[in-house]
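**Q** What follows is a predicted protein model with its sequence.
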Amino acid sequence: MTKAAAKSDAKSSPKADTRSASNENPKTDPKDVSNQIKDPDQWTTGGEPMTGAQASYLKTLSEETKEPEAFDPDLDKAEASKRIDALRKEAGHG
């Protein structure tokens, strides 16, 4: 096979054509709203224990706002998220 023939084959390769991939990707489709932020009460994993990152951030925020009682190591993911949102507002973080 010549170099020109090899280049021609590479150009027609199916994996080289990615033009329509973004149109079919639900993560990049602006009409697909299924992946938007949901209320913590509607999370399917909301009843699971909070993550380590949530625990750390909640502890930091509870100390920053001088509300140590806001931190509870037994919170689930949904409740931790709600408390983090409330404390962020109180601390002026958004």
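**A** On my side now, so go ahead.

**Q** Just list what the longest helix along the chain packs against, helices and strands only.
**A** In the chain, with assignment by DSSP state H, the single longest helix is helix 77-91. Under the contact criterion of 3 or more Cβ pairs under 8 Å, 6 or more residues apart in numbering; DSSP states H and E, helix 77-91 touches helix 52-64. Every residue, glycine included, has its C-beta placed from N, CA and C.

**Q** Contacts only, for residue 82.
**A** By Cβ atoms under 8 Å, 6 or more residues apart in numbering, the contact set of residue 82 is residue 40.

**Q** just to revisit the earlier point, report the inter-axis angle for the longest helix of the chain versus helix 52-64.
**A** With axes from the mean of the first three to the mean of the last three Cα atoms, to 10 degrees applied, the angle from helix 77-91 to helix 52-64 works out at 30 degrees.

**Q** Please identify the buried residues of helix 77-91?
**A** Using 16 or more other Cβ atoms under 10 Å as the test for burial, helix 77-91 gives 77, 78, 79, 80, 81, 83, 84, 87.

**Q** if I pick the fifth one, what's in contact with it?
**A** Contacts of residue 81 were listed using Cβ under 8 Å, 6+ apart, and they are 40, 46, 54.
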